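> Pasting the sequence and the predicted coordinates here, then a few questions.
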Amino acid sequence: MTRAEEVRKATGGFCLCGCGAATNPKRFFIQGHDARLKGMLLRLERKLICEADLPKPVQRLLPTLRACACCGSPVW
């Protein structure tokens, strides 16, 4: 299974930011919502929020997002 397929399975065809909006089968975000996810991850990295504060879909994706796509090494 490819990384994109893993992400699609984890989110069930909904926006990856956790807003709950349905997306086009070829898209992972509603327009502009990729920045929302980036902001959440930056706040998590800076310890301004904890994992429990993230939306449930984002919590399910954290193990996937923490690994580099090309080599699999931990990102943070």
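That came through fine. Numbers count the residues shown, from 1 in each chain.
> Could you list the single helix or strand in this protein with the lowest mean pLDDT?
Counting by mean pLDDT, DSSP states H and E, the chain has its least confident helix or strand at helix 3-11, which shows a mean of 72.
> Quick one: residues in contact with it.
1, 16, 28, 57, 60, 61, 64, 69 (C-beta atoms under 8 Å, 6 or more residues apart in numbering). Where C-beta positions appear, they are placed from N, C-alpha and C, glycine not excepted.
> can you tell me which helix or strand the second one belongs to?
Assigned by DSSP states H and E, residue 16 belongs to no helix or strand.
> Would you confirm that it contacts residue 58?
Yes. Assessed by C-beta atoms under 8 Å, residue 16 is found in contact with residue 58 at 7.3 Å.
> Give me the common contacts of the two.
Residues touching both residue 16 and residue 58 by C-beta under 8 Å, 6+ apart: residue 37.
> returning to that earlier point: let me know the average pLDDT across the next helix or strand after the least confident helix or strand of the chain.
Next helix or strand after helix 3-11 toward the C-terminus (DSSP H and E): helix 33-45. The predicted model assigns helix 33-45 a mean pLDDT of 90.
> dump the residue contacts of the closest residue to residue 18 other than its chain neighbours.
The shortest distance from residue 18 to any non-neighbouring residue, by C-beta to C-beta, 6 or more residues apart in numbering, is to residue 55 (2.6 Å). Counting by C-beta under 8 Å, 6+ apart, residue 55 touches 17, 18, 19.
> Give me the buried entries from the residues you listed.
17, 18 (16 or more other C-beta atoms under 10 Å).
> Give the buried residues for stretch 30-50.
So for stretch 30-50, counting by 16+ other C-beta under 10 Å, buried means 30, 33, 36, 37, 40, 41, 44.
> Now tabulate the residues you listed in TSV and tack on distance to residue 9.
Below are the buried residues of stretch 30-50 laid out as TSV (distance: C-beta to C-beta, whole Å):
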residue	distance to residue 9
30	19
33	19
36	21
37	17
40	21
41	20
44	22
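> Quote the end-to-end distance of stretch 17-28.
9 Å (C-alpha to C-alpha, to the nearest Å).
> Report the mean confidence score over that stretch.
85.
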